[in-house]
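Participant: I would like to see how this sequence folds:
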Amino acid sequence: MQKEYKDAMEKISLSDSDKERILANVKKAYEESTDHVVSMDTFARKRPRFSARRMGTVAAAAVVLLVGALVIRSNFFAGQDGKMPEDDIILAGNEEEIWEELDSVEDISKETDCRTYTLSNVSKSYKVKKVEVAKKQKHVKITYKNKKQDDKILLEYKEEENASAVIGQFDEEKELTKEKVGESEVTMYGDEECDGMTWQQESCTFAVKMSKACSPEKAKKLVSGTKERTDAAFADKEDELRDKKKMNSNAVGWKGNEKESGDKERRDILKKIYAMYGFRVTIEDPARKVAYKIVDDYESFSFVYDELPELEKQRIVGYAGQDGCPSGVLKGYKEEEALTVNGVQVRSYRNKDDECLFYFVKQNIHFTLLIKEWDGEDTESMLSGVLSVIRISLDAGQDETEEEEEGEEDGDSSSDVDSDSEEGETSDEEATLEAYRQAVQDIQYAVAEGSLKKLSSYIRFPLTIKSLDVTVNSAKEFQALDSSLIFTSTWVDAVVAYDANNIKSNTKSITLGDNTHSLVCRIKNDSVVITELHVDSDEVQSMIEPTATPSAE
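Facilitator: Numbering: from 1, shown residues only. This next block holds a predicted model:
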């Protein structure tokens, strides 16, 4: 109580004339009290003990009463016209701090002019529970909480040297010790262990209060980890959190903050996989942010496939191996349905959080794909696009461009070798050939239905449609086209008339239709993809420009 009274009195400032008036009133009150004395005996018996100390108390009480009256008066007049009368007494004091709670630490830099400091050395079991800011005074409080241990740590700082608002809360605390941490002298408080501390750093006053005391050494570690956070650091952290939120929870071996694999890392992982199993899987364009790992003796990869708006920014995680998938990947999933995608049998699964898992076997390699969010509409079309970026290689590994060129040059000769191969290899070749034919038929079905969405899942972007003088760079752009300009009756008839049985084991390019009405497909990464689209320009022009109405004769 004495401390609060002292602080209140220190904030009161009176003019000289007011001081004289108050003292004169006190003196007058004293003199009036003596006018009632009849005799010395009576005075000695009844006079008030008005010592110097009591006079001071009366004076202080008068000051407090006067201040209260002035505050009431100032509020009354200010409420009338918003201005204070010139003859009112002006009281000196600190401006009131208005506290505002923010949603996160990141919002300190976004919504205020304050610097952002955090306790980087605090255990990961402590999570930010509350963030409070007094914007005008640049005063910040961040509360960390450990639910399991029911423990709280409060970090408080103000952008002011020796800020009394921060240091003053320890006036009644017992000082434990002083320690040097970096360039700062840290004052620690507590009985036998430290439960609070203050220090100066980078023109700021800092304080930490702990609900559970710790040793001075641990306290020093907390201080040393108090670092200013920059916008760039927050941006990286936000990217990591965003990636993690868009990654399936059963992605064993992945944390969600992995960076895109560099060339050396990719080569090293693929080389190990080939040495173990005699195959390697690469993820090709238009997939982005591709990363590779080895997880439980499986090749694992993750990538972003935002050709479809529904998959935008999601990280798809996959595993490839001789059988099954890593332990824990299937946990909590229930099988839903079997699908046929480009001639490949795919089994789909879903868990209670509506996350998806797809399992299939291609070229005797077992694949598992994990997708965080998928609404279930047109799943075959979605998988067709995703599977088109997965490439299987059964060689030791060269530069991908060289492999493509060698494959195209040796296409015919490889067919001759395959004709003399063992029965098992011939069976695999026939299955692959049947998958190509099935994919072409699926493309023809999409054309017959007039579905830009289904057709887009087979296209290798960018795609130029010369007759329309248009280049589309994504499935979204392609689906926004006027379908009537693509699916003309002549073009549809030409494309669906192609006989898929014409596809041979050495076929590299497939033209559905004729020179003026066609789709051109290539076999890429063991999948059929559309690379060219030709529509008769005259027919399209006639649809765009209406025939002139004959003049009446």
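
Participant: what's the nearest residue to R315 once chain neighbours are set aside in contact with, if anything?
Facilitator: Among residues not flanking R315 along the chain, M247 sits closest, at 4.7 Å (C-beta to C-beta, 6 or more residues apart in numbering). Where you see a C-beta, it was placed from the backbone N, CA and C, and this is true even at glycine. Contact analysis of M247 by C-beta atoms under 8 Å, 6 or more residues apart in numbering lists 254, 256, 302, 314-315, 317, 370, 372.

Participant: And for the spatially closest residue to S203 that is not a sequence neighbour, the neighbour number?
Facilitator: Nearest residue to S203 in three dimensions, chain neighbours excluded: E161, at 5.9 Å (C-beta to C-beta, 6+ apart). For E161, the count of nearby residues is 9 (other C-beta atoms under 10 Å).

Participant: Run through the residues that contact A500.
Facilitator: 437-438, 440-441, 444.

Participant: next one: D378
Facilitator: So D378 contacts 453-454 (C-beta under 8 Å, 6+ apart).

Participant: and it, what pLDDT?
Facilitator: pLDDT, D378: 78.

Participant: Please apply the same query to Q441.
Facilitator: 89.

Participant: Would you confirm that Q149 contacts S123?
Facilitator: No - judged on C-beta atoms under 8 Å, Q149 makes no contact with S123 at a distance of 9.4 Å.

Participant: how near is the residue nearest to R315 to S384?
Facilitator: For M247, the distance to S384 equals 22 Å [C-beta to C-beta, to the nearest Å].

Participant: coming back round to it: and the residue nearest to S203, helix, strand or coil?
Facilitator: coil (DSSP: H, G, I helix; E, B strand; the rest coil).

Participant: Might you report the residue contacts of it?
Facilitator: 200, 203-205.

Participant: which one of these sits closest to K508?
Facilitator: Nearest to K508 among the contacts of E161, counting by C-beta to C-beta, is C204 at 67.1 Å.

Participant: How many residues are close by that closest one?
Facilitator: Residues near C204, counting by other C-beta under 10 Å: 21.

Participant: Could you check how far the closest residue to G513 other than its chain neighbours is from V528?
Facilitator: Spatial nearest neighbour of G513, chain neighbours left out: A494 (3.7 Å); criterion: C-beta to C-beta, 6+ apart. Separation of A494 from V528 (C-beta to C-beta) stands at 18 Å.

Participant: For stretch 189-199, buried residues please.
Facilitator: For stretch 189-199, burial by neighbour count (16 or more other C-beta atoms under 10 Å) applies to 189-190, 194-199.

Participant: ditto for stretch 274-292
Facilitator: 274, 279-284, 286-287, 289-292.

Participant: will you turn those into CSV that also has pLDDT and distance to F170?
Facilitator: Shown next, in CSV, are the buried residues of stretch 274-292 (pLDDT from 0 to 100; distance: C-beta to C-beta, whole Å):
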residue, pLDDT, distance to F170
Y274, 91, 64
F279, 91, 66
R280, 92, 63
V281, 94, 61
T282, 93, 61
I283, 93, 58
E284, 88, 62
P286, 84, 60
A287, 91, 57
K289, 92, 49
V290, 95, 54
A291, 96, 49
Y292, 97, 53
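
Participant: farthest-separated two in those?
Facilitator: Y274 and P286 (25.1 Å).

Participant: For the closest residue in space to W374 that isn't next to it in sequence, grab the count of nearby residues.
Facilitator: Once flanking residues are discounted, W374 sits nearest to C356: 4.8 Å by C-beta to C-beta, 6+ apart. For C356, the count of nearby residues is 22 (other C-beta under 10 Å).

Participant: rewinding a little: so of the buried residues of stretch 189-199, which ones are in strands?
Facilitator: Among these, DSSP state E puts 189, 194-199 in strands.
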